[in-house]
Structure formats: structure tokens, C-alpha cells
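# The sequence isn't on hand, but the structure is:
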């Protein structure tokens, strides 16, 4: 994995305009003129897939309805308002039947006033940008949107934290209507993991609308890199299940040896805690194909409490989006604490560190997900009691391909024993 | 990008053997028997590509020659020894003509003695494992190798830092013979970035040897995910250049809009500082196709000093591998400090943070690479003087597709102005 970038997020400098005319001025003006025209279009003109067209129609309609409500209020000379769920941990609950951390019913209302006028205007401008993106079949990262705002006069964002907050509010607002941030065409600045196996992904050329079929059995030792957003993808598969794998090393082994062919499955490399796009990809794929999802991580509090739990139920901090991004029907294949005994891995364990023990105890004491399931409580207690953790690759103790020849076949014979 | 995992790397616990017979015992014994047979094979039996067969023959020969030298010494009753370059910053120099941080001539010799016997044995066992992996056309991560060592009796690694050190020594040792760690079949636990554009990658089925052609123009909004090691790949391309991009957001824009088709190029998403596999992929591809490599990063000390510099000249800490992993003919397209003025991005800059200024000054004062080039010194001085940085996506100030319609075409008309 590439090293993460750390840099100071500081305020944008309002530098004086350059005296010298920038090379690009002419074309910029021409571009702006073109943009104006695009905004006027009322219908989705570019060719897209049927499902995507329906989705995009719905997104535009939802944006326009929100705008019309505001417009009507203004015409009646009453203060317009925007409603969105309160994004705080107090407004989150875990429902075992639904299977994810759900945002509660507490709403906050932003009425137009002297204090809120800038944020209000920014939200409307952001909605307008979103509509424009859907109509022109384009997309933007939140950074793109931030820089676009520099053309919004007084409504421009002062810094990136300011634009992030408005983006989060807008996402929460539209989540009530079942519209995701990605459907609003604001996409994350990260890819969605790597995929290999018995799957055809159907994509479309963003400009011509031409249908593209991507066969995930044809990548050799490489894989299909999932794009930053996946709302437009469709799937064709006869696979029996999806396996979500923590480490690239294990994914590479199963991929290079075509384990997906032997087990008739789809392999997904999460590369640690799965990104938004990765989780949404797995969710949409598993629902579309109606096949189960099995998680395969290290046997430690991080693999279980962070990676698996995020995949399955989402996070408390971003509960308004869990309805779209979690994979509530996922189950946990391994490594389980019990596997260490069953597969003779005692010589390949590591003692739990202090942080591991703290994380495990915290999960038992404070996490509504683990509290809801007795088998999980038992497994975590067993981990604390034995005091050891084991990495996925500990299976190499018995030979590099033991995982494919012994571990996975034995486990997959009894999927009912997987943890919930 | 997925969240990075932090866990304590602690010593492996030498747990007592389980009393209950593990489920897997029978098959494990069978597997071990099979493995013994594999080891006896003296020749490369599996079908591979011609280039790979040649490479693998060379790797096996190099391992065997090293082993034979040791064996001969032992037969003469003299102490056998292993020689490897000293891996310290004092033994590193930058040669402008060669174009990378090069390891010096200082060697350390490990003679067999009471003190070194364990490390000596471990190195030989690791060489033996490597030979076995090449012969059976398989591979292992360093974690895999660590767990395999648990079967080496007294020579087993106590903990992972111990096995990491032996692995690094072995890599340095074989680098003298021009053999990479990946050719020894020890592969990193990370993928090699994402690729899209006018390129066909030739891979082979690891088991059947069947040729697989991967067309990187056929992935829609997705991409080709480069595997953990790339020594076995071949390339077919008529592209004019390779563009290495810092952020996934910018890569996604150029990819979704098929910029590679307009510019006849290959796009590589580095996702921050490029991994080993990513750098080796770009190096091998650019040498095989004889085309230039252009870097496109944020205009800040991190994008220039860490991402671009690592891509181009490698790192001082791992100088023994730079000969394989750096891309000495890469040049820097942008964003340059001068671009902020030329493309009217003044309103989209951020002030340099304290850490940014420190990094920039440090590059001028201590980094032999930047010291070697006047244009770089000038650019970095300009950055410090103006006191601002700019992100790639700042180009969105002039419209989301300004980068494709204006910035890149203007820049690519004058590649001689790219920084060295």
C-alpha cells in the first residue's frame, strides 16, 4: 500500500489576481459560455444504461423537488428551510433485523436567516452543481467541488473543512430520499479495491454510452480495479459467493492460483478497512446476484472489530449512509480464534498487544453490534483468554497452498458455523 | 484509500502443541510428502514464457552458484562466508548520469562462526525456499516465509523483525548479481497501482502457462490493478508516453473521459508514494516500449520531494534496489510553481504549512538529487518565495475538464520545459 500523505489543510489564500494575462484566458471564457448552455438542458441527453437513466432521472427530480419547495416558500414570503438528520452518535441505533447502525429520527432544520445565509446559499449552489453533473453525465470529487466554488462569489468556500461540512450535510439531507452522494455525482478520491473471479462487470463509456463488458476471469495475476464510484455498474455472474479478503498478499495467492475457479466465487481485495466504493460494490453485487458474502481477515481485534464490522454494519459516525454502504448479510468465515486450535496454528500466533486487548474489551463492553450476538461475545472472550492473535498468512505454517487445499475447503463445507 | 492498519508486531508465542489432533493433520502430512518430491526437481518444469524461463533459469543458477561456493569452502574445511553491500546512507551516492541513488562498494562479509551460525543457517534456508519457489513457479510474501520458517527447527525465526532483516540482507546480496527480491519470488504485500490506456499486458496462467492478453483500453471507468510483482509481465503498446498521477481523483477523471485515447498514452494511478510494484511496472514498461514517463503530482514539497523523487531516483535507505526500481528517465510535468501563474490558479492555492517549508528547505540543503539540478533549485526557491502550494485538482477552478481541454494539451506541447 502506498504511503499515506499528511499535509496541513490550511485556509486558501485569496491571492491578488495576476497582472499578466494567463495563457489560458481565452479558452476559459469559451468554456464558461459552453457551461451556461449545459445548465439550461432540462433532460438527460447522453445515452446511458436503462437502470442508470432511471437512477439519474430520480436524482434530478429529487434535487428539483427540494429546490421547488424552497422556491415556493420564498414566493409566499416565508423563510425557506432545509431539513437533514442530526449526525451525532446519540441519534444512532443498531437494529439486529435491519443489520446496520441506523440514523435516528432527530432532524435539524436550517432556516434561512442572517446567520445561515452563506451556508444556505452554498448548499443550493452545491445542489445546482450536482444537477449539472448528472445532466452532463460527469462527476466531481469534493476537492473539485471546493475549487469550483471559487467562482461562486460571496458564496465561495473559505477552506476545505467548510466545504466538507456542507457536503456531509447535503449527503445526509438526500439520504432521506434514498439518494447517495455518489448518485449526486460527488465521488470519493479513492478506488474501490481489486476484484477477480467468476464475474462480468457491465460498464458504459461515459461519452458514447457504448456498453462495456469486463470479464474478471481474464486478468492473469492482476485484477479489476474498482472505480471510485459504482452506481452505474451492472453485474453478470454465476458465482456461489463473494469472498472479501483483508490483505493483498492473501488475495494475490488466491488470485494467481485461480482459487475463484476451483470454488466458483468472486475474490475482493479490501486492502485493510474497505473504502466506500469497495463496500458499495460488494453490497450492490451481492444484492444483484443474490449470493452470500464471506469475510476473511486476520484473527485479531482490528480484523474483526474494524475491518469486518465496517464491512457488515458500517460505522456509527456516518450512520446516515450505512443504509447504502454496509453489507448486512455478510458473515465471518475466519480466521476465528477457534481456527487456531482446529488447524494447529498455535506455533504461528503472536501475543495480543495492550492495544489489542483494549480494543477487544471495548468491543464487548461498548459495541452494540458485538453485544447483539452471543457467538461473537464467545469468540472475543476466547481471544482475550488465550491471549493470542493470528494473521491470515499464519496458514503458511503448513505450506503455502494449505489455505487453498485444506483451510478454505474445510471451512466452506460448513458455512453455518461462520460468525454472524 | 483504505485506512492503514496499525498493530503491534510482537514476538511469536511458542505455544505448546495442541493435545487434540488438529482436523487437518492427515492432509498436512500428505502435503509434506509432496513437497519433498518437488524439492528434488532440478529443472524448471512448468510452462512459462520464454523471457520468464530465461529469467528463472538465471535466478536458480545464481542461487545454486552461491550455495556451491559455500559448499566448496566447507569441503576444504575453511569457514564459508556470504558477502553483501553495506546498507547504510554512508554507502550511497547520487550519480547524475546513472540517474539514481546508487549503493557504494563497501561490503560486509558474514563468515560462519558461533555468533553467526543461526543467521547463516536462516539465509541458506531462505535461499533454498527461494529456489523451490522458482522451480514450482510459486511465490511468497515475507510473512509467508516467516511462517514457513517455523518448520526449520532451531533455525526458525523468533519474530518478524528477525526474518525481515535476513530478507533484506539476502536481497542486498543478490542485487550484486542483478537479481531482484521479486525474481527470488518473495513478493510485497501490496498491489502496484491502477493502469488504463493504450496498452496490452501479456501475463501467463501460473498453472497452465497459457498466454493471457489484457487490453487496458477495455475497463470502462475501472482499471487494471497491477499485481504485487511484475517480473513476468510483457507489454505491447503504441502509446507515446506514460503519465504517472498522484491522486485517484485525477486518475479517475482522465480515465473515465478516456484522456488516454485523445493523447495516445498510458495512465498510471500511483495513489501517493508509488509502491515497489508500481515503480517496477513503470520502469519495465517504459524500457520495453522505449517511451518517456511524465509525473503529474500536487505542487507541494510532498508531491515533488517524496512522490516524484521516489519514482525517479529511489530512496537512500534502500539504495541497493534502486537500480531495479527507480525510473531515471522520468520527468516532471506538473503542477509546477510556475503553472500557478501561467494557468491563473492564484485563487486556488493554499499557504505552505510549517512542515511544507521545512521539507522544501531540507530538499535544497540536503538532497543530492535536487542539488544536482538548477531548474529544480529554482522551482523550489520559487515555491518558498511565493509561500503557496496547489493541488492537482485546483485546475477545477476553471471547470472540471479544464485539465484535459487546456492544461495537459498546453503542457504536452512543450515537454522540454518539464523539470528533470
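Looks like it arrived, so ask away. All figures in this text were calculated on a predicted structure; none of them were measured in a lab.

# quick one: contacts for the closest residue to residue A:162 other than its chain neighbours?
Closest residue in space to residue A:162, ignoring its immediate chain neighbours: residue A:122 at 8.0 Å, by Cβ to Cβ, 6 or more residues apart in numbering or on different chains. Backbone N, C-alpha and C define where each C-beta goes, glycine included. Contact partners of residue A:122, counting by Cβ atoms under 8 Å, 6 or more residues apart in numbering or on different chains, are A:149, A:152, A:155, A:157, A:162, A:163, A:166.

# And what about residue A:122, helix, strand or coil?
helix (DSSP: H, G, I helix; E, B strand; the rest coil).

# Give me the local confidence score for it.
pLDDT recorded at residue A:122 is 94.

# same thing with residue A:372?
So residue A:372 comes in at 89 (pLDDT).

# Next up, the contacts around it.
A:94, A:96.

# From residue A:316, how far out is it?
Residue A:372 sits 14 Å away from residue A:316, going by Cβ to Cβ, to the nearest Å.

# gap between the two ends of stretch A:395-402?
Taking Cα to Cα, to the nearest Å, stretch A:395-402 runs 7 Å from one end to the other.

# Show me the contact partners of it.
A:253, A:257, A:335, A:343-345, A:347-348, A:403, A:405-407, B:24, B:28, B:31-32, B:35, B:138, B:140, B:143-145, B:147-148, B:150-151.

# Are any of those residues buried, and if so which?
A:253, A:257, A:335, A:343-345, A:347-348, A:403, A:405-407, B:24, B:28, B:31, B:138, B:140, B:143-145, B:147-148, B:150-151 (16 or more other Cβ atoms under 10 Å in any protein chain shown).

# what's the offset of the helix or strand hosting residue A:130 from the middle of its chain?
Using DSSP states H and E, residue A:130 maps to helix A:117-135. Relative to its parent chain, helix A:117-135 has a centroid offset of 22 Å by Cα atoms, centre = their mean, to the nearest Å.

# What average pLDDT does the very next helix or strand once past it get?
Next in sequence after helix A:117-135, counting helices and strands by DSSP H and E, comes helix A:142-148. Averaged across helix A:142-148, pLDDT comes to 94.

# Only the buried residues of whichever helix or strand comes after helix A:142-148, if you could.
Beyond helix A:142-148 on the C-terminal side, the first helix or strand identified by DSSP H and E is helix A:160-175. Buried residues in helix A:160-175, counted by 16+ other Cβ under 10 Å: A:160, A:162-164, A:166-175.

# State the mean pLDDT of whatever helix or strand comes next after helix A:160-175.
In the C-terminal direction, the helix or strand that comes right after helix A:160-175 (DSSP H and E) is strand A:194-197. In this model, strand A:194-197 has a mean pLDDT of 97.

# Format the buried residues of helix A:160-175 as TSV; extra columns: pLDDT.
TSV is the format used below for these (pLDDT from 0 to 100):
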residue	pLDDT
A:160	91
A:162	93
A:163	94
A:164	92
A:166	93
A:167	93
A:168	91
A:169	89
A:170	92
A:171	93
A:172	90
A:173	92
A:174	94
A:175	91
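
# contacts for the helix or strand where residue A:369 lies?
Element membership for residue A:369, per DSSP H and E: helix A:368-371. Outside of helix A:368-371, the residues within contact range by Cβ under 8 Å, 6+ apart are A:93, A:94, A:101, A:305, A:309, A:312, A:313, A:363, A:364, A:376, A:377, A:380.

# roughly how far is that helix from the heart of the chain?
Helix A:368-371 sits 22 Å away from the centroid of its parent chain (Cα atoms, centre = their mean).

# cool, stretch A:174-189 as well?
Between the centre of stretch A:174-189 and the centre of its host chain there is 11 Å, according to Cα atoms, centre = their mean.

# how far does that stretch stretch from start to finish?
21 Å.

# coming back round to it: where neighbours are concerned, which of the contacts of helix A:368-371 has the most?
The most crowded member of the contacts of helix A:368-371, judged by other Cβ atoms under 10 Å in any protein chain shown, is residue A:313 (26 neighbours).

# and stretch A:165-174 with chain B, contact?
No - residues of stretch A:165-174 are not located near chain B by Cβ under 8 Å from any Cβ of the partner chain, the shortest gap being 13.9 Å.

# Which residue comes closest to the most centrally placed residue in chain A once chain neighbours are left out?
Against the mean C-alpha coordinate of chain A, by Cα atoms, centre = their mean, the closest residue is residue A:276 at 1.2 Å. Distances taken as Cβ to Cβ, 6+ apart place residue A:188 nearest to residue A:276, at 5.2 Å, with adjacent residues excluded.

# Report whether the expected contact of that neighbour with residue A:228 is present.
Yes - because the distance of 5.6 Å satisfies Cβ atoms under 8 Å, residue A:188 is recorded as touching residue A:228.

# Between those two, which has more neighbouring residues?
Higher neighbour count among residue A:188 and residue A:228: residue A:228, with 25 against 20, using other Cβ under 10 Å.
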